[in-house]
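> fold the following for me, if possible:
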Amino acid sequence: MSAPLSLTGHGQGALEAIPLVDPWLSGLRMGIIMPSRKRLALAARIFVERLTSCMNRLST
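Numbers count the residues shown, from 1 in each chain. Here you go, the predicted structure:
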């Protein structure tokens with residue numbers, strides 16, 4: 001998490017980190033409320049998709 005902060009130098013790394021944490025928290029909350037395998041798999045897939053898209057944005 002410290003790499004984006006040091007790369008931008010303007011605190012934009014914190015804004016980039018929000019999409020990383022948010023789907024994980026919402027997926028975790030969804031898994032706690034309705035712990036079905038289908039929901040957990042969906043939350044994990046959404047998290048991975050957002051993680052990769054965020055990483056692609058950081059690498060460009």
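> so where's this protein uncertain?
Where the chain drops to pLDDT under 70, the residues are 1-25, 27-36.
> which neighbouring elements make contact with the helix or strand containing residue 49?
Here residue 49 sits within helix 37-59, counting by DSSP states H and E. Applying 3 or more CB pairs under 8 Å, 6 or more residues apart in numbering; DSSP states H and E, we find helix 37-59 packed against helix 12-33. Glycine gets a C-beta too; all of them are placed from N, C-alpha and C.
> so residue 43 is in contact with residue 26, correct?
Yes. The criterion here is CB atoms under 8 Å, and residue 43 meets it with residue 26 at 7.3 Å.
> got the buried residues for the helix holding residue 49?
Neighbour counts over helix 37-59 (16 or more other CB atoms under 10 Å) mark 43, 47, 50, 54 as buried.
> relative to residue 37, how far out is the last one?
Just to be clear, that refers to residue 54. 26 Å (CB to CB, to the nearest Å).
> please report how far residue 41 lies from residue 57.
Counting by CB to CB, the separation of residue 41 from residue 57 is 25 Å.
> what does residue 49 give?
For residue 49, the distance to residue 57 - CB to CB - is 13 Å.
> now residue 38
29 Å.
> could you do residue 51 as well?
With CB to CB as the criterion, residue 51 and residue 57 are 11 Å apart.
> count of neighbours near residue 60?
For residue 60, the neighbour count with other CB atoms under 10 Å is 5.
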